[in-house]
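K.L.:
model the following, please.
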Amino acid sequence: MMSQPLFSRLILFVMNTLTALIYLILPARLCAYFSTFMVGGLFGLMIPPLILLHALITQVINPTLERYTTLPPNFTFFVYVGISVYYTVTVLIMDKSPYDMEGKGHVLKPRNVIESLSLKFWRTHFSYFPITVRLPPSGLSTSKQYVFGVHPHGIHCWALNVFSIPGGPLDVLTSLTSEGCLTGLAASVIFWIPVVRELFLQMGYVDAGRVVAGRAMDRGRSLFICTGGEEESMRTKVGEDVVVLNKRKGFVRLAVSHGADLVPVFGFGISDLYSTYSLGMGVRMWIQKTTGVALPFFHGRFLSPLPYKVPVRVVVGEVIKIEEGDVPEKGVRPDEKVVEKYHRMYVESLKRMHKKEGGGRVLKIV
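P.N.:
This is a model prediction of the structure:
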């Protein structure tokens, strides 16, 4: 993977150091709570580095400079402006890491003690719920190529984490993550959010655009994607599993184009991790469809981003093999009738899996 900009590396160093220290200081149970809270409050992850940066500027840099010169008014404000401009230009505009497909695997393996401890910290959140994984009887192989469709999104698609964290419950059973076989697809907006961007790149995600996903497949990667995206997140309702799938066929088209096996994955319990509210749903759905930004109203335990302690069972469904005769020549768009056929097979497989494993829960496919 191409080297990330200096600012991104600094952000990762701060986050890795912070989480490594937490792992060393806190007992295992508290670590699980803390890591789950941080994942649940995903878009607040930029707060700890900002606090440290503010402390560095106001408590170290400013006092040091004031020994030698008089600082102009609003000096701290202009420092923040300069840092923001630098990050925007060198990272958000110039850095192409979300579109980079060099190398075998995108998941960054720990390179030192700090990164190893940080990884152990993030893995503790699997024990909070707990999150468990069950494979199909046929198993999964590191020598084959797959497209995993992950459902439901929920407020956060926690099931995706089993694919993106080395040593997690899926990796223990298959080695797919640690062997560098997997690439995650994430919405473009993710890579415009400081800190979140860096962590997603570290976990092996790239932009979910068709061209980038195709490049990943061309390099033999297996893909995992929460196909329902922001719309599915908005439709989350406790006690009901809502899956946005009827018109989502791009992942099927990718699988057919590259002859990769399709695999449905369902995280039972994900829909019940947060209380959700329908207030202003019409307006919020319009905003989501217009801008691609989801604005769900939700809360977890103690009115916080910490999810309720509900067991999550990630069930990997039976592999749907793409017949050799249905795979088009390289560069040729697959026949839409073929795509429709495998999409129907996928939906039916998902329904059977949910009926068998869902314990009578409602499955709504829209």
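
K.L.:
tell me the mean pLDDT for stretch 219-234?
P.N.:
Stretch 219-234 comes out with an average pLDDT of 93.

K.L.:
what separates that stretch from the chain centre, distance-wise?
P.N.:
9 Å (CA atoms, centre = their mean, to the nearest Å).

K.L.:
can I get it in PDB, CA atoms only?
P.N.:
Extracted as PDB, the C-alpha positions of stretch 219-234 are listed here (Å, rounded to 0.1, in the frame of the first residue of the first chain):
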ATOM      1  CA  ARG A 219      -6.100  -8.100  -8.200                       C
ATOM      2  CA  GLY A 220      -7.700 -11.200  -6.800                       C
ATOM      3  CA  ARG A 221      -9.200  -9.600  -3.600                       C
ATOM      4  CA  SER A 222     -12.300 -10.800  -2.000                       C
ATOM      5  CA  LEU A 223     -14.700  -7.900  -1.200                       C
ATOM      6  CA  PHE A 224     -17.000  -7.300   1.800                       C
ATOM      7  CA  ILE A 225     -19.700  -4.600   1.700                       C
ATOM      8  CA  CYS A 226     -22.800  -3.600   3.600                       C
ATOM      9  CA  THR A 227     -25.000  -3.400   0.500                       C
ATOM     10  CA  GLY A 228     -27.800  -1.400   2.200                       C
ATOM     11  CA  GLY A 229     -25.700   1.500   3.100                       C
ATOM     12  CA  GLU A 230     -27.000   4.800   4.500                       C
ATOM     13  CA  GLU A 231     -30.600   4.100   3.600                       C
ATOM     14  CA  GLU A 232     -30.600   0.800   5.500                       C
ATOM     15  CA  SER A 233     -29.200   2.600   8.500                       C
ATOM     16  CA  MET A 234     -32.000   5.100   8.400                       C
END
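
K.L.:
run a quick neighbour tally on Glu357.
P.N.:
14 (other CB atoms under 10 Å). Glycine gets a C-beta too; all of them are placed from N, C-alpha and C.

K.L.:
and what of Arg134?
P.N.:
Neighbours of Arg134 (other CB under 10 Å): 13.

K.L.:
for it, which non-adjacent residue is closest in space?
P.N.:
Among residues not flanking Arg134 along the chain, Val315 sits closest, at 5.2 Å (CB to CB, 6 or more residues apart in numbering).

K.L.:
next structured bit after the top helix by length along the chain?
P.N.:
Criterion DSSP state H: the longest helix present in the chain is helix 336-357. Going down the chain from helix 336-357, the next helix or strand is strand 362-365, by DSSP states H and E.

K.L.:
next up, the contacts around the residue nearest the centre of the chain.
P.N.:
Nearest to the mean C-alpha position of the chain, by CA atoms, centre = their mean, lies Leu160 at 5.8 Å. Residues near Leu160 by CB atoms under 8 Å, 6 or more residues apart in numbering: Val150, Gly184, Phe224, Cys226.

K.L.:
what's the one helix or strand the second one maps to packed up against?
P.N.:
The one in question is Gly184. Secondary structure from DSSP H and E places Gly184 in strand 182-186. The elements that strand 182-186 packs onto, with contact taken as 3 or more CB pairs under 8 Å, 6 or more residues apart in numbering; DSSP states H and E, are helix 161-164, strand 205-207, helix 210-218, strand 222-225.

K.L.:
among these, which comes closest to Asp335?
P.N.:
helix 210-218 (17.2 Å; CB to CB).

K.L.:
and the contacts of that closest one?
P.N.:
By CB under 8 Å, 6+ apart, helix 210-218 touches 98-99, 101, 145, 183, 185, 206, 223, 250, 254, 257-258, 260.

K.L.:
report all helices and strands that the lengthiest strand in the chain contacts.
P.N.:
Determined from DSSP state E, the single longest strand within the chain is strand 261-268. Contacts defined by 3+ CB pairs under 8 Å, 6+ apart place strand 261-268 against strand 146-151, helix 250-258, strand 312-316, helix 336-357.

K.L.:
give the pairing partners of the third one; include direction for each.
P.N.:
In the sheet containing strand 312-316, its partner strands are strand 131-134 (parallel), strand 261-268 (antiparallel), by DSSP bridges.

K.L.:
cool, the first one as well?
P.N.:
Strand 146-151 sits in its sheet next to strand 222-225 (parallel), strand 261-268 (parallel), going by DSSP bridges.

K.L.:
what's the closest of those strands to Thr17?
P.N.:
Per CB to CB, nearest to Thr17 of those: strand 222-225, 28.4 Å.

K.L.:
residues of that closest one that come out buried?
P.N.:
Ser222, Leu223, Phe224, Ile225 (16 or more other CB atoms under 10 Å).

K.L.:
which stretches of the stretch 201-350 of the chain have low pLDDT?
P.N.:
In the predicted model, the stretch 201-350 of the chain carries no residue with pLDDT under 70.

K.L.:
how close does Val252 sit to Glu357?
P.N.:
22 Å (CB to CB, to the nearest Å).

K.L.:
can you name the next helix or strand after the helix or strand hosting Leu18?
P.N.:
If you go by DSSP H and E, Leu18 is part of helix 6-25. Where DSSP H and E defines the elements, the next helix or strand beyond helix 6-25 is helix 28-40.
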